[in-house]
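Asker: Below is the structure, and that's it, no one-letter string:
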């Protein structure tokens, strides 16, 4: 592979095992010569590993203290942009031995043929894998698909080929831990970048004991990224309910209260959703028309359900409204994502 065309390889590393030396030597033998390793505050006891790597003509960047995987990736991105101006992109890989050198090389080859795409090396979760690695993965897939429309098979893979043009945008992300990789996927999706997937081996030596991923704390951080993404949309539901209750207090009319609250909340929701939630850059007029149609439809559904809860089971208006809006929240979000602010995105699987 031509070194001018092949991407750099970036490996964020915290307290690595000696298997990292083997991986790097194999990558070198396969022709991937430009390798950046960020020592994320591993400590003096691991200096012998990084010394050996440096003798293999690998770039070593040291963090004096552990700053997190996201911070290590951003350090590598900055170094790459400053020192490899002739390269079209960079490949990130994990230091815990989960990525076979031949898979990293194969991803590099795919990226050389399609260097404007964001490419993921995706593992298979059909076989028996350690519980700490399995926990939350399928849940993360379902949540990210529901809230974001991100249809990929492995949201937590660290093997990624990233076009150079995306790196300045990825450097703006504030998170620094494992959640950075989920933030990265969201940002790539928002930029309407083509996402491709290629299948890679699923490797878990010794139960993946060398991984520093905390299955509880780090999973919660990843989920917070997903729910933060929809939080702004939830705010409009709060406005809707407050306006509904105020109008209801003075009119005692469910339908009128529903119409006025939808109109007030609708304006807020459209502006926030377009700019901050779905990051749409499409013309506003067609989206307004589709949004109004969706608001009218959901308003009628809400009115009918609130009326039913008040008349049949005998709920008071406030709990009826809260129940109705809670059930309609996911539906409303999905309608906006799929119908109102829909974008043409492509995800190719190999």
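Answerer: Structure received. Everything quoted here is computed from the prediction, not taken from an experiment.
Asker: nearest residue to residue 168 other than its sequence neighbours?
Answerer: residue 81 (7.5 Å; Cβ to Cβ, 6 or more residues apart in numbering). For glycine as for every other residue, the C-beta is placed from the backbone atoms N, C-alpha and C.
Asker: no wait, residue 70
Answerer: residue 180 (2.6 Å).
Asker: before we move on, what about residue 58?
Answerer: residue 35 is the one closest to residue 58 (Cβ to Cβ, 6+ apart), at 4.7 Å.
Asker: residues in contact with that neighbour?
Answerer: Neighbour list for residue 35: 8-11, 24, 27-28, 58-59 [criterion: Cβ atoms under 8 Å, 6 or more residues apart in numbering].
Asker: And these, which of them are buried?
Answerer: Applying a neighbour-count criterion of 16 or more other Cβ atoms under 10 Å, the buried members of these are 8-11, 24, 27-28, 58-59.
Asker: Just flag the most distant two among those residues.
Answerer: Farthest-apart pair in those is 10 and 28; separation 15.0 Å (Cβ to Cβ).
Asker: What's the separation between residue 17 and residue 61?
Answerer: Noted for residue 17: a distance of 20 Å to residue 61, by Cβ to Cβ, to the nearest Å.
Asker: same question but for residue 22, I mixed them up
Answerer: 21 Å.
Asker: The two: which is more packed in?
Answerer: Ranked by neighbour count (other Cβ atoms under 10 Å), residue 22 and residue 61 place residue 61 first, with 16 against 12.
Asker: Then the more buried one would be within a helix, right?
Answerer: No. Per DSSP: H, G, I helix; E, B strand; the rest coil, residue 61 lies outside any helix segment and is strand.
Asker: Just the residues contacting stretch 45-61, thanks.
Answerer: In contact with stretch 45-61 (Cβ under 8 Å, 6+ apart) are residues 15-16, 18, 20-21, 24-25, 28, 33-39, 42, 62, 75-76, 79.
Asker: So which bits of that stretch are buried?
Answerer: 46, 49-50, 53, 58-59, 61.
Asker: swap in stretch 253-260?
Answerer: Of the residues in stretch 253-260, 254, 257-260 count as buried by neighbour count, 16+ other Cβ under 10 Å.
Asker: Show me the contacts of stretch 45-61 that map onto strands.
Answerer: Judged by DSSP state E, the contacts of stretch 45-61 include 35-39, 62 as members of strands.
Asker: Kindly reformat these as CSV and extend each row with pLDDT and distance to residue 200.
Answerer: Shown next, in CSV, are the ones in strands among the contacts of stretch 45-61 (pLDDT from 0 to 100; distance: Cβ to Cβ, whole Å):
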residue, pLDDT, distance to residue 200
35, 97, 18
36, 98, 21
37, 98, 20
38, 98, 22
39, 97, 25
62, 97, 29
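Asker: Any chance of JSON lines for those, columns distance to residue 176?
Answerer: Converted to JSON lines, the ones in strands among the contacts of stretch 45-61 look like this (distance: Cβ to Cβ, whole Å):
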{"residue": "35", "distance to residue 176": "22"}
{"residue": "36", "distance to residue 176": "18"}
{"residue": "37", "distance to residue 176": "18"}
{"residue": "38", "distance to residue 176": "12"}
{"residue": "39", "distance to residue 176": "16"}
{"residue": "62", "distance to residue 176": "16"}
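Asker: Any of these buried? List them.
Answerer: Buried residues within the ones in strands among the contacts of stretch 45-61, counting neighbours by 16+ other Cβ under 10 Å: 35-39.
Asker: domain assignment for the chain?
Answerer: Per the record, the chain has its domains at 8-215, 231-340, by automatic domain parsing.
Asker: okay, these, which one's buried deepest?
Answerer: Greatest average neighbour count among those goes to domain 8-215 (a mean of 18), per mean count of other Cβ atoms under 10 Å.
Asker: Return the closest of the ones in strands among the contacts of stretch 45-61 with respect to residue 104.
Answerer: residue 35 (10.0 Å).
Asker: The closest one and residue 8, how far apart?
Answerer: According to Cβ to Cβ, residue 35 and residue 8 sit 7 Å apart.
Asker: all helices of the stretch 151-300 of the chain, in order?
Answerer: Under the criterion DSSP state H, counting those that start in this stretch, helices of the stretch 151-300 of the chain are mapped to 167-170, 179-190, 217-251, 254-272, 284-311.
Asker: can the ones you listed go into CSV with extra columns for mean pLDDT and distance to residue 112?
Answerer: Below are the helices of the stretch 151-300 of the chain laid out as CSV (pLDDT from 0 to 100; distance: least, Cβ to Cβ, whole Å):
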stretch, mean pLDDT, distance to residue 112
helix 167-170, 95, 17
helix 179-190, 86, 19
helix 217-251, 73, 30
helix 254-272, 85, 40
helix 284-311, 91, 38
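Asker: can you redo those as JSON lines with distance to residue 106?
Answerer: Output for those, formatted as JSON lines (distance: least, Cβ to Cβ, whole Å):
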{"stretch": "helix 167-170", "distance to residue 106": "22"}
{"stretch": "helix 179-190", "distance to residue 106": "20"}
{"stretch": "helix 217-251", "distance to residue 106": "27"}
{"stretch": "helix 254-272", "distance to residue 106": "42"}
{"stretch": "helix 284-311", "distance to residue 106": "40"}
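Asker: Which one, of those helices, ends up nearest to residue 329?
Answerer: Minimum separation from residue 329 across the helices of the stretch 151-300 of the chain (Cβ to Cβ) falls at helix 217-251, 5.8 Å.
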